[in-house]
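S.K.: Here is a sequence together with a model predicted from it:
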Amino acid sequence: MTEPSLRLDDQVCFALYAASRAVTGFYRPLLDKLGLTYPQYLVMLALWENGACPVKDLGAALQLDYGTLSPLLKRLEKAGLVHRERRVDDERSVLVKLTGEGAALRARALELPPAIGTAMGLELAEFDQLRALLRKLTSSVAEHSG
């Protein structure tokens, strides 16, 4: 039986960390052109996909707590991309909606996925496999954390 390794290069956590930094670093200049940070881009992706959404559902979809999500939404609202309003049927719930400017930004963002895909250098099957493995990893770690 081999002894567990403490070599940096043998650690999956380091490979994930390095890959995450490389990918988000590649996104940065592309997102700068859109006036978005990476977390703001994730919020916009969720809204472009789902439309108006309660803050609670948005946080669940993005795996972000309210304390992290609220400042993101405030900055997006200040930039004129989203609007927050209390729901009429439940005043405890805040609905996040895209503004016209926020909806229009989607067309400009369509250039990002192909650029990222090219930078990743993966075949379509490898890309799909990687995404599936990362989802499995996330789910498994979440199950073991609670």
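M.R.: Okay, I see it.
S.K.: Now for G59: which residues touch it?
M.R.: G59 sits next to 65-66, 69 when contact means CB atoms under 8 Å, 6 or more residues apart in numbering. Where C-beta positions appear, they are placed from N, C-alpha and C, glycine not excepted.
S.K.: Let me know the distance separating L8 from F14.
M.R.: Distance from L8 to F14, counting by CB to CB, to the nearest Å: 6 Å.
S.K.: Distance-wise, check the residue nearest in space to the middle of the chain relative to A107.
M.R.: In the chain, the residue lying closest to the centroid (CA atoms, centre = their mean) is L42, at 3.4 Å. Separation of L42 from A107 (CB to CB) stands at 18 Å.
S.K.: One more: A79?
M.R.: 17 Å.
S.K.: Pick out whichever of those two has more residues nearby.
M.R.: A79 (15 against 8; other CB atoms under 10 Å).
S.K.: As a check, name the ranges of all strands in this protein.
M.R.: 53-54, 82-86, 94-98 (DSSP state E).
S.K.: could you dump the ones you listed to CSV with mean pLDDT and mean neighbour count?
M.R.: Below are the strands of the chain laid out as CSV (pLDDT from 0 to 100; neighbours: other CB atoms under 10 Å):
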stretch, mean pLDDT, mean neighbour count
strand 53-54, 94, 18
strand 82-86, 94, 15
strand 94-98, 96, 19
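S.K.: Same list (those) but as JSON lines, adding distance to A142.
M.R.: Formatted as JSON lines, the strands of the chain follow (distance: least, CB to CB, whole Å):
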{"stretch": "strand 53-54", "distance to A142": "22"}
{"stretch": "strand 82-86", "distance to A142": "28"}
{"stretch": "strand 94-98", "distance to A142": "25"}
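S.K.: between those strands, which gets nearest to P114?
M.R.: strand 94-98 (22.7 Å; CB to CB).
S.K.: Give me the angle between that closest one and strand 82-86.
M.R.: When axes from the mean of the first three to the mean of the last three CA atoms, to 10 degrees is applied, the directions of strand 94-98 and strand 82-86 differ by 150 degrees.
S.K.: Quick one: list the elements packing against strand 94-98.
M.R.: Applying 3 or more CB pairs under 8 Å, 6 or more residues apart in numbering; DSSP states H and E, we find strand 94-98 packed against helix 38-50, strand 53-54, helix 55-62, strand 82-86.
S.K.: Lovely, talk soon.
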